[in-house]
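>>> From the sequence below, what's the structure:
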Amino acid sequence: MRRRHLPSLSGLHCFEAAARHLSFTRAADELSLTQSAVSKQVSHLEATLQHPLFRRVRKRLHLTPEGAVYLSEARKILAQVEMSTRYMQSYGVESDVLNVATLPTFGARWLIPRLNGFRFKHPSINLNISNRAEPFDMQKERIEIAFFFGHGVWPRAECVKLLDEEVVPVCAPSVMEQTDVNDPLALTKMILLQVSTRPEAWHDWFEAQNLYTEHSYHGPRFDTFYMALRAARAGCGVALVPKFLAQEELDEGKLVIPWPFSLNSQDAYYMAYPEHMADLHKVKSFTEWIKARL
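Alright, predicted model coming up:
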């Protein structure tokens, strides 16, 4: 796109502020500009987009349908600019940022406890940790370390195996007391809690015991194991989860295993990092720290 067809950051800022306040005057006050300047920036933006962004009804400002759509996009653009700017500002002679992506529940339950002390050992490395449940391109996303569950293969990356997975059913003690569990199929009476990233989990667990139930795919569905664990603790049903993720609740008696069959997953948890970054100080320091705590 030619530069003259691209909006300015000033225009985006003026539009976002005016849309948030539904007032050019209040937007001008916030941005330390005149009301006329804000109005002019918005007009330029409307001319570039070839769509009206605001309309006046009884002297009050309202977003048009096009304005509502563009507001969402403008906020994403401004947030990305801010994030990228802060990302670059954090680099320096004595400081470096290491971008780490992890599975949500794995990060909270396994990774975070192993980071204790890292900052004191490596004060020049600032960790930037985010949740990623779906596959992504490490280079495009500027991720230097990724924790994932799979076969141990990541394009153009070195992978380090961290641990295998043993999957078990868990539920609240009160739910267990209400159900006579004399065989695995009795668990279907408790409500099977589903996890979106493992749609075949219950089917595989029953199949491994030469059992079949039409309820394998039925039940409330959650995005993460953490949500499923919380639902199980609340008595909403029985969740099928990696045992190490539920170990804290099992040790405390907040969750119990209603049927003593565990399924060993064919996949495992891995740590990956780009091959060309293997010798970078920040990457090497972090991977060695993690490997020392396996």
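>>> Let me see the contact set for residue 103.
Residues near residue 103 by Cβ atoms under 8 Å, 6 or more residues apart in numbering: 131-133, 147-149. From N, CA and C alone the C-beta is placed, and that goes for glycine too.
>>> Which ones among the residues you listed map onto helices?
Of the contacts of residue 103, none are assigned to helices by DSSP state H.
>>> now these as TSV including distance to residue 78?
Output for these, formatted as TSV (distance: Cβ to Cβ, whole Å):
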residue	distance to residue 78
131	22
132	23
133	25
147	30
148	31
149	34
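>>> Buried only: go through these for me.
132-133, 147-149 (16 or more other Cβ atoms under 10 Å).
>>> Report the lowest-confidence entry in those residues.
Ranked by pLDDT, those bottom out at residue 133, which has 88.
>>> hey, which strand is longest across the chain?
Longest strand in the chain, counting residues (DSSP state E): strand 157-170.
>>> tell me the average confidence for that strand?
98.
>>> Name the strands paired with that strand and say parallel or antiparallel.
strand 238-242 (antiparallel), strand 263-274 (antiparallel) (DSSP bridges).
>>> next SSE after the longest one?
By that I understand strand 263-274. Later in the chain than strand 263-274, the nearest helix or strand by DSSP states H and E is helix 281-291.
>>> Same check on the first one?
Moving toward the C-terminus from strand 238-242, the first helix or strand encountered (DSSP H and E) is helix 243-252.
>>> If you count neighbours, what's buried in that following helix?
244-246, 249.
>>> Could you do stretch 53-70 as well?
By neighbour count with 16+ other Cβ under 10 Å, stretch 53-70 contains the buried residues 53-54, 61, 63, 67, 70.
>>> Take the buried residues of helix 243-252 and write them to a markdown table, including distance to residue 220.
Shown next, in a markdown table, are these (distance: Cβ to Cβ, whole Å):
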| residue | distance to residue 220 |
| --- | --- |
| 244 | 23 |
| 245 | 18 |
| 246 | 17 |
| 249 | 18 |
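>>> Residue 292: which of those is nearest?
Residue 292 has its nearest neighbour among these in residue 244, at 18.5 Å by Cβ to Cβ.
>>> From residue 38, how far out is that closest one?
The gap separating residue 244 from residue 38 is 54 Å, by Cβ to Cβ, to the nearest Å.
>>> re earlier: may I see the buried residues of helix 243-252 arranged in a markdown table, with distance to residue 79 and pLDDT as well?
As requested, the buried residues of helix 243-252 are exported to a markdown table (distance: Cβ to Cβ, whole Å; pLDDT from 0 to 100):
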| residue | distance to residue 79 | pLDDT |
| --- | --- | --- |
| 244 | 35 | 98 |
| 245 | 31 | 98 |
| 246 | 35 | 98 |
| 249 | 36 | 97 |
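>>> returning to that earlier point: winner for burial among the strands paired with strand 157-170?
Mean neighbours per residue, mean count of other Cβ atoms under 10 Å, is largest over the strands paired with strand 157-170 for strand 238-242, with a mean of 27.
>>> That strand relative to helix 243-252, how many degrees between them?
Relative orientation of strand 238-242 versus helix 243-252 (axes from the mean of the first three to the mean of the last three Cα atoms, to 10 degrees): 120 degrees.
>>> I'd like to check what contacts whichever helix or strand comes after the longest strand of the chain. Which residues are they?
Where DSSP H and E defines the elements, the next helix or strand beyond strand 157-170 is helix 173-177. Residues from elsewhere that reach helix 173-177, judged by Cβ under 8 Å, 6+ apart: 190, 232, 235, 237-238, 253-256, 258.
>>> Quick check: which element contains the nearest residue to residue 31 once chain neighbours are set aside?
Nearest residue to residue 31 in three dimensions, chain neighbours excluded: residue 17, at 5.8 Å (Cβ to Cβ, 6 or more residues apart in numbering). Here residue 17, judged by DSSP H and E, is contained in helix 9-21.
>>> Verify the stated contact: residue 273 with residue 283.
Yes - here residue 273 lies in contact with residue 283, judged by Cβ atoms under 8 Å, at a distance of 5.3 Å.
>>> what residues do those two have in common as contacts?
144-145.
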